[in-house]
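**Student:** missing the sequence, but the structure's below:
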């Protein structure tokens, strides 16, 4: 039996206009439609495939505000068994390290975890470091940027794809895996799955429930902050160059003036 935890994040829809809050320059999540991150749908799909190949249980873990329950229910409707939702106002503005600490504490609440599956990076922050941080905090092997995954007995095998090529990895369980968009094509929830998701257990926890000091999380304790932000200027008409035999020179002069060459 393989006990799997899948990390899920609710993010602003990539087709919505995303902007920063004027008050503290964090991502304004209320200004855009919120959806489950697409890479997390693939994470859930991979966990379900492993479960269906044998015996096991899939627990969804999400850190986010109250409305992140929509992303959790989407994962449950796909076939996950239960969920943990860490929701606490003190988490607002937390950086990746604080987020990893909270996730590590929440994973510790799940008994007998064999495998943690995450996306390689979220589409809002695009940091891509949380899986590695989790592995360090939990003292587990990490298999990142995975495009193919196999669980056999007490070990996990993976093909890791980067710009340098494909690396074949193997580690003993328990382990942490981050997957890329090439790992699979996620299933669509069935009507039966959507109805069943409404009855599946979702445990809501605060940082205090996890034993995490609120003084270690939040914007005020982040290692980096945005000091100033301004909207990108509207696109203007380009500069037209008439070629009377000296067009190349005019283009070069323009690029020099713009300090591009």
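**Tutor:** Perfect, thanks for sending it. No experiment lies behind these values; they were computed from the predicted model shown. Numbers count the residues shown, from 1 in each chain.
**Student:** got the contact list for residue 210?
**Tutor:** Contact partners of residue 210, counting by CB atoms under 8 Å, 6 or more residues apart in numbering, are 86, 102, 105, 106, 108, 109. For every residue, glycine as well, the C-beta is placed using N, CA and C.
**Student:** And residue 148, by the same measure?
**Tutor:** Taking CB under 8 Å, 6+ apart, we find residue 148 in contact with 158, 159, 183.
**Student:** and if we set it to 10 Å?
**Tutor:** Shown here is residue 148, whose contacts under the criterion CB atoms under 10 Å, 6 or more residues apart in numbering are 46, 157-161, 166, 168, 179-180, 182-184.
**Student:** next SSE after the lengthiest helix in the chain?
**Tutor:** Ranked by residue count, the top helix of the chain under DSSP state H comes out as helix 38-53. Along the chain past helix 38-53, the next helix or strand (assigned with DSSP states H and E) turns out to be strand 56-63.
**Student:** residue boundaries of the strands in this protein?
**Tutor:** With DSSP state E as the definition, the chain shows strands at residue ranges 2-8, 10-12, 34-36, 56-63, 82-86, 115-119, 142-152, 155-162, 165-172, 175-179, 202-205.
**Student:** that older thread, buried residues in the longest helix of the chain?
**Tutor:** Within helix 38-53, the residues that qualify as buried are 39, 40, 41, 42, 43, 44, 45, 46, 47, 48, 50, 51, counting by 16 or more other CB atoms under 10 Å.
**Student:** ok, now stretch 30-38?
**Tutor:** Across stretch 30-38, burial judged by 16+ other CB under 10 Å covers 32, 34, 35, 36, 37.
**Student:** Run a quick neighbour tally on residue 12.
**Tutor:** Close neighbours of residue 12, defined as other CB atoms under 10 Å, add up to 21.
**Student:** returning to that earlier point: save the buried residues of stretch 30-38 as TSV, and put in pLDDT and distance to residue 90 too.
**Tutor:** Written out in TSV, the entries for these read as follows (pLDDT from 0 to 100; distance: CB to CB, whole Å):
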residue	pLDDT	distance to residue 90
32	77	23
34	86	20
35	90	25
36	93	24
37	92	23
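**Student:** for those residues, which one is nearest residue 238?
**Tutor:** Nearest to residue 238 among those, counting by CB to CB, is residue 32 at 29.6 Å.
**Student:** Return the member of the buried residues of helix 38-53 nearest to residue 4.
**Tutor:** Compare each of those with residue 4 using CB to CB and the shortest gap goes to residue 47, at 4.5 Å.
**Student:** Check whether residue 44 really touches residue 187, as I assumed.
**Tutor:** Yes. Under the criterion of CB atoms under 10 Å, residue 44 lies in contact with residue 187, with a separation of 8.9 Å.
**Student:** which residues do the two both contact?
**Tutor:** Taking CB under 10 Å, 6+ apart as the contact criterion, the residues that touch both residue 44 and residue 187 are 77, 78, 79.
**Student:** which of the residues you listed tops the neighbour count?
**Tutor:** The member of the shared contacts of residue 44 and residue 187 surrounded by the most neighbours (other CB under 10 Å) is residue 78, with 24 neighbours in all.
**Student:** Show the contacting residues for that one.
**Tutor:** The neighbours of residue 78, taking CB under 10 Å, 6+ apart as the test, are 6, 36, 41, 44-45, 47-48, 58, 60, 186-190, 193-194, 197.
**Student:** switch the cut-off to 8 Å
**Tutor:** Each residue near residue 78 by CB under 8 Å, 6+ apart is listed here: 41, 44, 45, 48, 186, 187, 189, 193.
**Student:** now the fourth one: how far from residue 169?
**Tutor:** Looking back up the chat, that one is residue 48. With distances defined as CB to CB, to the nearest Å, the gap from residue 48 to residue 169 amounts to 22 Å.
**Student:** do the same with residue 150
**Tutor:** Here residue 150 is placed at a distance of 11 Å from residue 169 (CB to CB).
**Student:** ditto for residue 200
**Tutor:** Per CB to CB, residue 200 is found 32 Å from residue 169.
**Student:** how deep is residue 20 tucked in, by neighbour count?
**Tutor:** A total of 15 residues lie near residue 20 under the criterion other CB under 10 Å.
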